[in-house]
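Visitor: A structural model of the following input is requested.
(chains A and B)
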Number of protein chains: 2
Amino acid sequence: MKLASLRHGRDGALIVVSRDGRRFARAHSIAPTLQSALDRWEECETELRKLSDRLESGAIEGEPLDVHALSAPLPRAYEWVDASAFINHVILVRKARGAEPPPKLYTEPLVYQGGSSVLLGPRDPITLADPAWGCDFEAEIALILGDTPEGTTTKQAQRHIRLILLVNDVTLRNLVPEELAKGFGFFLSKPASAFSPFAITLDELGEYWRDGRVHLPLRSHLNGKLIGDPNAGEMHFSFFELIAYITRTRSFGAGTILGSGTVSNADPSRGVSCLVEKRMREILENGQALTPFLQWGDEVEIEMQTKDGESLFGSIRQRVIPRNHDPHQPS
Amino acid sequence: MKLASLRHGRDGALIVVSRDGRRFARAHSIAPTLQSALDRWEECETELRKLSDRLESGAIEGEPLDVHALSAPLPRAYEWVDASAFINHVILVRKARGAEPPPKLYTEPLVYQGGSSVLLGPRDPITLADPAWGCDFEAEIALILGDTPEGTTTKQAQRHIRLILLVNDVTLRNLVPEELAKGFGFFLSKPASAFSPFAITLDELGEYWRDGRVHLPLRSHLNGKLIGDPNAGEMHFSFFELIAYITRTRSFGAGTILGSGTVSNADPSRGVSCLVEKRMREILENGQALTPFLQWGDEVEIEMQTKDGESLFGSIRQRVIPRNHDPHQPS
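Guide: Got it, this is the predicted structure:
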């Protein structure tokens, strides 16, 4: 089933969405918010699936869905943990900032803790106070976990996965080198991330979900032009390995979001899911970067389609605007 | 006023506590949880203060408080941001792991993002799977913020502070060097933090709150023996400066917790608020560390008293136990 949240209060109003993404049914009688459904998933899942089946079969008509009415599936979350599980991305990004790859590049995932009290919806603008910060997008896949105890193994991992969705992990590239040199990891360089309209259950992926990976291309457009469609199946560490890694020393509560890191393929013909990779490839080919980081007015779109053209998660589409810009006025 | 949360569900049940910490009144008619009060602070604050006044005056008797019945004031939070604002701590800890102090040590605070889906109560044990991880406590002060927008200045900062409390930021010291070498900051080395029984409004601090700092000693005991009482007023970056720093590139939602970092004084006679500092001082004096990191069975206690002996926040008192140990059985 596909779940989403209408803009409403701080946590949104939970809805069930039809497979074609065009209609929805309100789920407030089952759970008012997605977080409350995750908190009582064992009770809520069956009821939500029944509602989804009735919407899909036409037993209930539902209401027409306007993606602009949606917040992130979780407009705020108790934890946002982001890995960097695509090795090609790690190598290119470190090369771009003149840093060495981490010592255990192939055997231990890179993971950082992100902020999660403000998460953006699929059409929310990226507010950028200063274009000199080097604003970049990063197209990723993420899981929403249920309660996941310390010491979870790769074999136990799947039972803790509740939903899967897309994320744009916005990064201020020019703030990264100085920040990482301080030794405490990303902070100012990671403003609010944005999420796809729909968070879906794993069964919606069918054959595309194998070995803890999504075997489909993730397509990113910049100002309407395709900039990359790398296959997410090239993820070096599976989501099962990421879950086992993050739970080595602590537990995670229901609603924790776990990201894959920027989807990236070794084959350069698949393009990129972020601008810093494109810039690094340009430097390697031409001696200089030609593509600028995001400027005010630029628009990024991220989407994942099945081979039949079904948009699994709906699209993230965000325009970059100045800070204190009124988003209700055209930019 | 003093607020606390009784263990109840995932978010606790909000109570108002008498100044002496002995009695409480349930606040569910105003807000069921502390998070819900923070979400609607403008509406709730006056009503909570009225309830607090009635409890204090004896107009309502209240119920006797058992600290073991308390969870953390926020048993889960949308954001846990921890600074390291005591310069003496930064210098000693970096020396202990043979690392250089950060380049802008005196002009730009160190800040990391911690996990916040599982926060421990004041009597919850510290579960430690492997004592070889080098488990340490860190006694700190923290704020709970209301909505705090991007670009908040030091002058605007105080209006976003809702509550103040104590925290034990547990750290697995022997996991830190390898983790920080990866460049993404702390993750496995920071298991769940624990919080004081009471979160209080700034007016409860009276004259002890000045210039965005708490001018009182923070006392830590290890196995019943005083190990340090450094004055928290020696904080190099004030909480106002920390708020201005963290909001440079993004906003924070109500309920964000912001820590001071380990309280530490340059004067060694004030002792320590964590074991790694004590070990470093031993190495400098004797050539080797004598104090081991926390072992199973060790007990840490953290408390802040006024000059009149009033315990402002109640005490954090935690025993270290093996993972999978039943906390309801004596250790």
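Visitor: where does chain A dip in pLDDT?
Guide: Within chain A, the ranges that satisfy pLDDT under 70 run A:325-331.
Visitor: Would you list the phi and psi of A:Glu301?
Guide: Torsion angles at A:Glu301 (phi, psi; degrees, to the nearest 10) stand at phi -130, psi 140.
Visitor: Doesn't A:Ile164 belong to a helix?
Guide: No: per DSSP: H, G, I helix; E, B strand; the rest coil, A:Ile164 lies outside any helix segment and is strand.
Visitor: Does A:Gly185 touch B:Phe186 like I think?
Guide: Yes: between A:Gly185 and B:Phe186 a contact is recorded at 6.7 Å, counting by C-beta atoms under 8 Å. (Glycine included, C-beta is placed from N, CA and C.)
Visitor: can you list residues touching both of these two?
Guide: Common contacts of A:Gly185 and B:Phe186, defined by C-beta atoms under 8 Å, 6 or more residues apart in numbering or on different chains, comprise A:Gln113, B:Tyr112.
Visitor: Verify the contact between A:Gly224 and A:Asp298 for me.
Guide: No: the criterion here is C-beta under 8 Å, and A:Gly224 misses it with A:Asp298 at 10.6 Å.
Visitor: Name the residue in the two with the higher neighbour count.
Guide: A direct count of neighbours by other C-beta atoms under 10 Å in any protein chain shown for A:Gly224 and A:Asp298 places A:Asp298 higher, at 20 against 7.
Visitor: Find the nearest non-adjacent residue to the more buried one, please.
Guide: Sequence neighbours aside, A:Val320 is the residue nearest to A:Asp298 in space, at 4.8 Å (criterion: C-beta to C-beta, 6 or more residues apart in numbering or on different chains).
Visitor: Quick check: the gap between the one you found and chain B.
Guide: According to C-beta to the nearest C-beta, to the nearest Å, A:Val320 and chain B sit 14 Å apart.
Visitor: Tell me which helix or strand that residue sits in.
Guide: A:Val320 belongs to strand A:316-322 when assigned by DSSP states H and E.
Visitor: what does A:Val90 give?
Guide: Using DSSP H and E, A:Val90 falls in helix A:87-96.
Visitor: Tell me, how many residues neighbour A:Glu43?
Guide: Neighbour count of A:Glu43, defined by other C-beta under 10 Å: 12.
Visitor: related to what we said a few turns ago, count of residues packed around the residue nearest to A:Asp298?
Guide: 22.
Visitor: Test my guess that it contacts A:Leu128.
Guide: Yes: counting by C-beta under 8 Å, A:Val320 touches A:Leu128, with 5.4 Å between them.
Visitor: ok, the one residue in chain A that gets nearest to chain B - contacts?
Guide: Of all residues in chain A, A:Gly185 sits closest to chain B, at 1.8 Å by C-beta to the nearest C-beta. Residues near A:Gly185 by C-beta under 8 Å, 6+ apart: A:Tyr112, A:Gln113, A:Glu179, B:Tyr112, B:Gln113, B:Gly183, B:Phe184, B:Gly185, B:Phe186.
Visitor: Just the ones of those residues in helices?
Guide: Secondary structure of the contacts of A:Gly185 is defined by DSSP state H; positions in helices are A:Glu179.
Visitor: Identify the farthest-apart pair in the contacts of A:Gly185.
Guide: B:Gln113 and B:Gly183 (14.7 Å; C-beta to C-beta).
Visitor: So if I had to pick from these two, which one is more boxed in?
Guide: Each of B:Gln113 and B:Gly183 has its neighbours counted (other C-beta under 10 Å); B:Gln113 has more, 27 against 21.
Visitor: Give the bridge partners for the nearest residue to the more buried one once chain neighbours are set aside, please.
Guide: Nearest residue to B:Gln113 in three dimensions, chain neighbours excluded: A:Gln113, at 4.3 Å (C-beta to C-beta, 6+ apart). For A:Gln113, the beta-bridge partners are A:Val81 (DSSP bridges).
Visitor: where does A:Gln113 sit relative to A:Ile246, distance-wise?
Guide: A:Gln113 is 10 Å from A:Ile246, where distance means C-beta to C-beta, to the nearest Å.
Visitor: anything in contact with each of the two?
Guide: Listed contacts common to A:Gln113 and A:Ile246 are A:Val81, B:Phe187; contacts here mean C-beta under 8 Å, 6+ apart.
Visitor: Off-centre distance for the longest helix anywhere in chain A?
Guide: Using DSSP H to define each element, chain A has its longest helix at helix A:41-57. From the chain centre to the centre of helix A:41-57 is a distance of 24 Å (C-alpha atoms, centre = their mean, to the nearest Å).
Visitor: on that earlier part again, in JSON lines: the contacts of A:Gly185, plus distance to B:Thr46.
Guide: Formatted as JSON lines, the contacts of A:Gly185 follow (distance: C-beta to C-beta, whole Å):
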{"residue": "A:Tyr112", "distance to B:Thr46": "40"}
{"residue": "A:Gln113", "distance to B:Thr46": "36"}
{"residue": "A:Glu179", "distance to B:Thr46": "41"}
{"residue": "B:Tyr112", "distance to B:Thr46": "35"}
{"residue": "B:Gln113", "distance to B:Thr46": "33"}
{"residue": "B:Gly183", "distance to B:Thr46": "47"}
{"residue": "B:Phe184", "distance to B:Thr46": "44"}
{"residue": "B:Gly185", "distance to B:Thr46": "40"}
{"residue": "B:Phe186", "distance to B:Thr46": "39"}
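Visitor: Tell me what A:Leu165 is bridged to.
Guide: A:Ala142.
Visitor: Look up how far B:Glu178 lies from it.
Guide: Distance of A:Leu165 to B:Glu178, given as C-beta to C-beta: 31 Å.
Visitor: In terms of neighbours, single out the busier of these two.
Guide: Shown here are A:Leu165 and B:Glu178; by other C-beta under 10 Å, A:Leu165 has more neighbours (29 against 14).
Visitor: so that one makes contact with A:Pro73?
Guide: Yes: the criterion here is C-beta under 8 Å, and A:Leu165 meets it with A:Pro73 at 6.1 Å.
Visitor: Which residue, other than its chain neighbours, is closest to A:Ser117?
Guide: B:Gly253 (3.3 Å).
Visitor: Any idea what A:Leu128 is bridged to?
Guide: Taking DSSP bridges as the rule, A:Leu128 bridges to A:Pro322.
Visitor: Just give me the neighbour total for it.
Guide: Residue neighbour count, defined by other C-beta under 10 Å, stands at 24 for A:Leu128.
Visitor: show me the contacts for the nearest residue to A:Ala69 once chain neighbours are set aside.
Guide: Spatial nearest neighbour of A:Ala69, chain neighbours left out: A:Leu6 (5.6 Å); criterion: C-beta to C-beta, 6+ apart. Applying C-beta under 8 Å, 6+ apart to A:Leu6 gives the contacts A:Gly12, A:Ala13, A:Ile15, A:Arg26, A:Ala69, A:Leu70, A:Ser71.
Visitor: List phi and psi for A:Leu6.
Guide: Note on A:Leu6: backbone dihedrals following degrees, to the nearest 10 are phi -70, psi 140.
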